[in-house]
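> fold the following and give me the result.
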Amino acid sequence: MKDQSKTKQALIQELDSLRQRIEDLERSELEWKKKSDALKKSEAIFRSYFNLPFYGIAITSPEKGWIQVNDRICSIMGYSRDEIVRMTWSEITHPDDIATDLEQFNRVLSGQIDYYTMNKRFIRKDGKVIWTNLSVGCVRKSDGSVDHTIAMIEDITSVKLAEAELRESQDRYRRLFENANEAIFVAQDGKLVFFNPMTSQLIGYSSAELMGRSFIDFIHPDDRNMVAGNYLRRLKGEDFQPRYPFRYLPRNGATNWMEIGSVRIEWAGRPASLNFCTDITKRKQAETDLRTNESLLSTAMKLAHLGYWEYDIAGDLFTFNDYIYSLLHTNVEREGGYTMSSAQYTKRFVHLEDASIVAREIQKAIETSDPYFSYEVEHRIVFNDGGIGYISIHYFIVKDDQGRTVQMYGVNQDITEHKRAEEIIHQMAYHDSLTGLPNRKLFSDRLVIALAQAQRNQNKVGIAMIDLDNFKRVNDTLGHDVGDLLLQATTERLSAELRKGDTIARFGGDEFLLILPELKVIEDAIPVAKKIVDSFSKPFLIDTHELVVTTSIGIAVYPNDGIDEVILLKNADIAMYQAKQAGRNQYHLYKEA
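Numbering: from 1, shown residues only. Down below sits the predicted model:
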């Protein structure tokens, strides 16, 4: 019996031990399953990040080989996955960047650093050089050596090209500015804040001496009130004589003459004037000589390349010199002599819209009682070849013993190139270079006017923010040239749907802004928005591509959704994103959450 009891006890102990082992195995299996699930989850997360389309991601070996790459890497480099994994990264690196990249990579291998970032060029399969932003990090083994590296690559070729174009453009305009034959300066709060070398040269002071000085300090005392008054009028946006002369005082103690034209600009966010000044001391001296000696007058005009003319009021007859005809792109033989009536001159050479200027100036000369009266005027001319230009006319009068004006004489100067330069500068300052639409600055100016009119007339103003749906896909797949053509075509289509008085501006990228003035109720903005959305149902034909692009539009209305530009734009932007979230290709009126 004792033996049976011992056997039974041993069996129980064995069974208990076996049970414990089974429980341990079950716990081990459960822990293994948890770790396996966690590993699968980590693997899924890694794959989701690894396959993101925004960045190229690659796992590389310490020997510079590609172990694993995502689709974006292949897209950037132009190679298939099978092709690229058989290569080393140094094989497709631009020769000028290999040394720098290799130096950083070796620092990782040696343990000096764990990661590095650089701008690097690669050579695609098609031979094109691309710029990338490269970030490389490493995973080390327990002994500190590198097991593998992970590289993230972002294609920044378009950014680099844009930067290069911007530098080239800035350098081009810098050279024009620095080498201009006239003084160009920016005045703000009456002080010089920016100027070119010719400004220093004419006035005779160094750049350090001029910076921050009041420009009035260099003007003749008798002309300071006039120049200061015109400066303030320009800042207020008043329309007055575009160019006028004044005396200035250079460092050498002389009294010289300068002719100035200016435009109002924004400088560092505040009003300022951009001024173009030409030294006309020689011309003024020539004009003085004109009053005393007709022979010297003729010589001076030839030296100064100015066209000289006389006008007999009683006989209504102009007499011109050769340079007048040269300025007008004709000659005395073609015109049949040096004389013509005011009506003939106006019909032959004066732009139709400026035809009244000649008669007006003759009348002004007849009516003045000042024997020393002189005046300067500009108008458009029609050259003999049909082209349109601008001339500046400075004229004087001669009175008889009874005080009657009997003669006028003056000088003409071709200012066509100067006018075109001013127009280009104005266009660059207030319009988008790609589409020609008003830019953000001009949009803001027009919005201020529209809001003021709406407040005065108790109307509403709609602000619509328009975004092209999936425009980035066009740029990514067809290139930025096609994208630019699409933006230009979009501009034409949007413009065709606007009402008279509406303003369309480019906000940046593929975003546009509309000002819809004189709305009676909020819903008055809907027809324009609907027409725009419907108009985009028609495909765009860009080069050989037929592109279907839709729009999402957000609308905010003054004063319901805001009373200033910042709030209205913010709310229009919110409404636009609501339109996108609702499925795109539609408009949304802003509704406060």
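
> contacts only, for the residue nearest to Gln453 when sequence neighbours are not counted.
Nearest residue to Gln453 in three dimensions, chain neighbours excluded: Pro517, at 6.7 Å (C-beta to C-beta, 6 or more residues apart in numbering). C-beta coordinates here come from the backbone N, C-alpha and C atoms, glycine included. Listed by C-beta atoms under 8 Å, 6 or more residues apart in numbering, the contact partners of Pro517 are 450, 453-454, 459, 461-462, 501-502.

> write a ChimeraX command that selects only the buried members of those.
Only the buried entries of those go into this ChimeraX selection, using 16 or more other C-beta atoms under 10 Å:
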select :450,454,459,461,462,502
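
> nearest to Asn331, of the contacts of Pro517?
Gly501 (47.9 Å; C-beta to C-beta).

> looking at this, that closest one is in a strand?
No - counting by DSSP: H, G, I helix; E, B strand; the rest coil, Gly501 is not part of a strand but coil.

> ok, it touching Leu514?
No - between Gly501 and Leu514 there is no contact under C-beta atoms under 8 Å: 11.4 Å.

> how far away is Asn457 from Asp564?
To Asp564, Asn457 is 18 Å away according to C-beta to C-beta, to the nearest Å.

> ignore what I typed, I meant Met118.
44 Å.

> swap in Ala228?
According to C-beta to C-beta, Ala228 and Asp564 sit 32 Å apart.

> now Arg420
Arg420 is 37 Å from Asp564, by C-beta to C-beta.

> just want to know which of Ala228 and Asp564 has more residues nearby.
Ala228 (15 against 12; other C-beta atoms under 10 Å).

> quick check: mean pLDDT across the helix or strand containing the more buried one?
For Ala228, the host element (DSSP states H and E) is helix 224-235. Averaging pLDDT along helix 224-235 yields 87.

> the domain parsing of this protein - what is it?
Structurally, the chain divides into domains by automatic domain parsing as follows: 1-47, 56-155, 192-279, 292-421, 431-589.

> what's across from Phe396 in the sheet?
Note on Phe396: beta-bridge partners by DSSP bridges are Ser374, Tyr409.

> ok, it - how many residues close by?
A count of nearby residues for Phe396, using other C-beta under 10 Å, gives 17.

> need the pLDDT of it.
Looking at Phe396, its pLDDT stands at 87.

> isn't it right next to Glu376, touching?
No - taking C-beta under 8 Å as the definition, Phe396 is not a contact partner of Glu376, at 10.5 Å.

> low-confidence ranges in the protein?
Residue ranges of the chain with pLDDT under 70: 1-54, 170, 173-174, 176-177, 240-241, 290-305, 427, 593.

> contact partners for Lys580?
Lys580 makes contacts with 467, 469, 552, as judged by C-beta under 8 Å, 6+ apart.

> that one belongs to a strand?
No - residue state for Lys580 (three-state DSSP) corresponds to helix; a strand is not indicated.

> Asn470 versus that one, what's the distance?
For Lys580, the distance to Asn470 - C-beta to C-beta - is 10 Å.

> what's the burial count for Gly204?
Gly204 has 15 nearby residues by other C-beta under 10 Å.

> quick check: phi and psi at it.
When read as degrees, to the nearest 10, the backbone of Gly204 gives phi 90, psi 10.

> once you drop chain neighbours, what's closest to it?
Gly204's closest residue in space is Arg251 (C-beta to C-beta, 6+ apart), at 3.2 Å.

> Ser206 is in contact with that neighbour, correct?
No - using C-beta under 8 Å, Arg251 makes no contact with Ser206, being 9.8 Å away.

> which of the two has more neighbours?
Comparing Arg251 with Ser206 by other C-beta under 10 Å, the one with more neighbours is Arg251, at 13 against 10.

> quick one: contacts for that one?
Taking C-beta under 8 Å, 6+ apart as the test, what Arg251 contacts is 203-205.

> do you know how far Asp385 is from Phe507?
41 Å.

> number of residues surrounding the nearest residue to Val411 once chain neighbours are set aside?
The shortest distance from Val411 to any non-neighbouring residue, by C-beta to C-beta, 6+ apart, is to Leu306 (4.2 Å). Around Leu306 there are 23 other residues, counting by other C-beta under 10 Å.

> might one say that Leu306 is in contact with Ile280?
No - the criterion here is C-beta under 8 Å, and Leu306 misses it with Ile280 at 10.3 Å.

> of the contacts of Lys580 - the most surrounded one?
With neighbours taken as other C-beta under 10 Å, the top of the contacts of Lys580 is Ser552, carrying 24 neighbours.

> doesn't that one lie inside a strand?
Yes - counting by three-state DSSP, one finds Ser552 located in a strand.

> was I right about it contacting Met576?
Yes - using C-beta under 8 Å, Ser552 is in contact with Met576, at 5.6 Å.

> anything in contact with each of the two?
Residues touching both Ser552 and Met576 (C-beta under 8 Å, 6+ apart): 466-467, 588.

> mind listing which of those residues are in strands?
Members of the shared contacts of Ser552 and Met576 lying in strands (criterion: DSSP state E): 466-467, 588.

> just give the nearest non-adjacent residue to Asn321, would you?
Tyr308 (4.6 Å).

> contacts for the helix or strand encompassing the one you found, please.
According to DSSP H and E, Tyr308 maps onto strand 307-312. Strand 307-312 has contacts (C-beta under 8 Å, 6+ apart) with 290, 297-298, 301, 317-321, 323-327, 342, 362, 391, 406-413.

> one more time with 7 Å, if that's ok
Residues outside strand 307-312 that contact it (C-beta atoms under 7 Å, 6 or more residues apart in numbering): 297-298, 301, 318-321, 323-324, 327, 407-412.

> need the residue closest to the centroid of the chain.
The residue lying closest to the centre of the chain (C-alpha atoms, centre = their mean) is Asp432, at 5.6 Å.

> please report the number of neighbouring residues for the closest residue to that one other than its chain neighbours.
The shortest distance from Asp432 to any non-neighbouring residue, by C-beta to C-beta, 6+ apart, is to Arg506 (4.2 Å). Arg506 is flanked by 25 other residues according to other C-beta under 10 Å.

> would you mind listing the buried residues in the host helix or strand of Arg506?
If you go by DSSP H and E, Arg506 is part of strand 503-508. Buried residues in strand 503-508, defined by neighbour count with 16+ other C-beta under 10 Å: 503-507.

> the residues you listed into CSV, with extra columns for distance to Ala162?
Below are the buried residues of strand 503-508 laid out as CSV (distance: C-beta to C-beta, whole Å):
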residue, distance to Ala162
Thr503, 27
Ile504, 24
Ala505, 21
Arg506, 16
Phe507, 18
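
> return the member of the residues you listed nearest to Asn475.
Arg506 (15.7 Å).

> tell me the bridge partners for that closest one.
Phe512.

> circling back: looking at the domains of the chain, which is nearest to Asp171?
Across the domains of the chain, closest to Asp171 is domain 192-279 (C-beta to C-beta), at 14.8 Å.

> now the closest one: how far from the chain's centre is it?
27 Å (C-alpha atoms, centre = their mean, to the nearest Å).

> ok, now stretch 126-141?
32 Å.

> contacting residues around that stretch?
Residues outside stretch 126-141 that contact it (C-beta under 7 Å, 6+ apart): 76, 78, 94, 105, 108, 114-124, 146-157, 160.

> hmm, try it at 8 Å
56, 76, 78, 94, 101, 104-105, 108, 114-124, 146-157, 159-160.

> give the contact list for the nearest residue to Gly190 once chain neighbours are set aside.
Nearest-residue entry for Gly190: Ser214, 5.2 Å, with adjacent residues in sequence omitted and distances by C-beta to C-beta, 6+ apart. Residues in contact with Ser214 (C-beta under 8 Å, 6+ apart) are 190-192.

> nearest to Arg224, of these?
Comparing the contacts of Ser214 against Arg224 with C-beta to C-beta places Gly190 closest, at 11.0 Å.
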